[in-house]
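Engineer: build me a model from this:
(chains A, B, C and D)
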Number of protein chains: 2
Amino acid sequence: MSDCETCVVRNRAICSALMPDELSALGKLGRKQVVSRGQTLVWEGDESLVVANVIQGVLKLSVSTQDGREQIVGVVFPSDFIGRPFGKESPYGVTALTDAEVCIFTRTAFDGFAKEHPDLQHKLLQRTLDELDRARQWMMLLGRKTASERIATLLIEISDRLGAVGCSAIAPFLDKFELPMDRQQMGDLLGLTIETVSRQLTKLKEAEIIELPDRRSVVIKDRRRLENIATAA
Amino acid sequence: MSDCETCVVRNRAICSALMPDELSALGKLGRKQVVSRGQTLVWEGDESLVVANVIQGVLKLSVSTQDGREQIVGVVFPSDFIGRPFGKESPYGVTALTDAEVCIFTRTAFDGFAKEHPDLQHKLLQRTLDELDRARQWMMLLGRKTASERIATLLIEISDRLGAVGCSAIAPFLDKFELPMDRQQMGDLLGLTIETVSRQLTKLKEAEIIELPDRRSVVIKDRRRLENIATAA
DNA sequence: AGTCCGCATTGACCTAAGTCAAGCAAACAG
DNA sequence: CTGTTTGCTTGACTTAGGTCAATGCGGACT
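Structural biologist: Residues are numbered from 1 along each chain as shown, chains lettered A, B, ... in the order given. Modelled structure (predicted):
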């Protein structure tokens, strides 16, 4: 890879643990790859051959049953890390929700490098712990929240994470944004059907809590009320 | 602490990453603590002050809504690690499901030690990655599986994890075991009510797939069929 | 032996969300 | 600009699982 120093996620991805010379060593192991919407980077159950940093775009991690039910178990944004380092097959597939760009490594090369760089492993551990916390919050949503609580939670979460990607000093709250997924994918993430997702969005719109200018856009008009619904108060 | 060398989880807990002299250094930072059934070790939302290894017994990690709905987001067995190292408040509570014994550290002391011992951090990272995979599998259960699939999955999972704790050479499949939780807790783990749990267990009993000698015991009579139900075939 | 008491089970009924089946509207191709 | 496709919404109906209310039962204490 060429230019880690100028990488847009340089200061937020795990690479931020590295000194300039280490960074360029890691850079030599990876390469940038474009992934277009709908393209699958890793298949569920495949041996874990690659890991990557997300530079641009949004990807989903998903699990399916034999009979075709799907659950999205994670959504990754720019600067997030993808993949299962240190052996093991990947228990979920990775697919681009939007056109994306990732910085990709073979797993073995990355593992070797990580073993030599405790600071990188430390960053990776922190990230994994954060991801685990987020997964557990989502378990609460899937196990115990109602459909409207789920939808509200999703909208808040997407708004927050898209906000964190941009400059948070300029836009502390992102009240207008594009959904990085369609209705089916929202359902797969929330454990709901497409129809229920649609009905709940309509309900929020009719309550004037949000606006839906087009199928991919959302405007949060009353964040307070949306948060109240989300936290199941 | 006194006798890490003779600890029953010595070879399975993260301590297995350490050399004898390192082990005794870590041992000096921790102490054994007995936790009786129902006792809470960490409250949801509290600052993360302690971390621990489970020596004996089973504990739950759980999250609640303001209005009292509860979701169990993790169950830990002997040799598992508890807590949120490296800052942050604990987003879930930790409560003993059975009488238990843990090897407890103040978070700051543990963090300091971990920073100096990359091998320990590596073990912790692997464990966290495994835990994340397990959480994601559980998200599929909560989002997409039916009540009977959930119950079957739980029985298989408990049987496997209790089996892994004992000597797996002697007992590769644990077909008779004590549930480390009551019906309410099974519900909180599966995103179901106590009544649904009870009805599904009765159904499995009537189908002669399991036996329920008493309220805490389960005998798996037809593992194959139970697994088929669990994997949503 | 009897009587609590805390779980667990069972039954009757209800409802949130799923299913099935039209419609509809923006995007797209000819 | 017109027909087609694709994704979304809406309505009518069904159902899995929740709710509410008894009832049952085993273990602890008198």
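
Engineer: right, and residue A:82 touches residue A:55 too?
Structural biologist: No. Between residue A:82 and residue A:55 there is no contact under CB atoms under 8 Å: 11.1 Å. Any C-beta I mention is one placed from the backbone N, CA and C, and that applies to glycine too.

Engineer: can you list phi and psi of the spatially most central residue of chain A for me?
Structural biologist: Chain A has residue A:76 as the residue nearest its centroid, 1.8 Å off, counting by CA atoms, centre = their mean. When read as degrees, to the nearest 10, the backbone of residue A:76 gives phi -110, psi 140.

Engineer: before we move on, back to that, overlap in contacts of residue A:82 and residue A:55?
Structural biologist: Taking CB atoms under 8 Å, 6 or more residues apart in numbering or on different chains as the criterion, residue A:82 and residue A:55 both touch residue A:102.

Engineer: the lengthiest helix in chain A and chain B in contact?
Structural biologist: In chain A, taking DSSP state H as the definition, the longest helix is helix A:118-144. Yes. Interface with chain B: helix A:118-144 contributes A:118, A:121-122, A:124-126, A:128-129, A:131-133, A:135-140, A:142-144 (CB under 8 Å from any CB of the partner chain).

Engineer: ok, now stretch A:45-65?
Structural biologist: Yes. Using CB under 8 Å from any CB, a contact is recorded between stretch A:45-65 and chain B, made by A:61, A:63, A:65.

Engineer: repeat that for stretch A:34-42.
Structural biologist: No. Between stretch A:34-42 and chain B, judged by CB under 8 Å from any CB, nothing touches; the nearest distance is 13.6 Å.

Engineer: pull out the buried residues from that stretch.
Structural biologist: Judged by neighbour count using 16 or more other CB atoms under 10 Å in any protein chain shown, the buried positions of stretch A:34-42 are A:35, A:41, A:42.

Engineer: repeat for stretch A:195-206
Structural biologist: By neighbour count with 16+ other CB under 10 Å, stretch A:195-206 contains the buried residues A:196, A:197, A:200, A:201, A:204.

Engineer: how about low-confidence regions in chain A?
Structural biologist: A:1-2, A:167-172, A:233 (pLDDT under 70).

Engineer: could you chop it up by domain?
Structural biologist: A:4-139, A:146-230 (automatic domain parsing).

Engineer: and chain A, which residues reach DNA strand D?
Structural biologist: Residues of chain A lying close to DNA strand D by CB under 7 Å from any atom of the strand are A:182-184, A:194-195, A:197-199, A:201-202, A:212, A:215-216.

Engineer: residue contacts, residue A:38?
Structural biologist: Residue A:38 makes contact with A:95, A:96, according to CB under 8 Å, 6+ apart.

Engineer: circling back: which of the buried residues of stretch A:34-42 sits closest to DNA strand C?
Structural biologist: residue A:35 (19.2 Å; CB to the nearest atom of the strand).

Engineer: which residues of chain A fall in helices?
Structural biologist: In order along the chain, chain A carries the following helices (DSSP H): A:20-29, A:107-116, A:118-144, A:147-165, A:183-190, A:194-206, A:223-230.

Engineer: buried set for the second one?
Structural biologist: Judged by neighbour count (16+ other CB under 10 Å), helix A:107-116 contains these buried residues: A:107, A:110, A:113, A:114.

Engineer: and the last one, how far from residue B:125?
Structural biologist: The gap separating residue A:114 from residue B:125 is 9 Å, by CB to CB, to the nearest Å.
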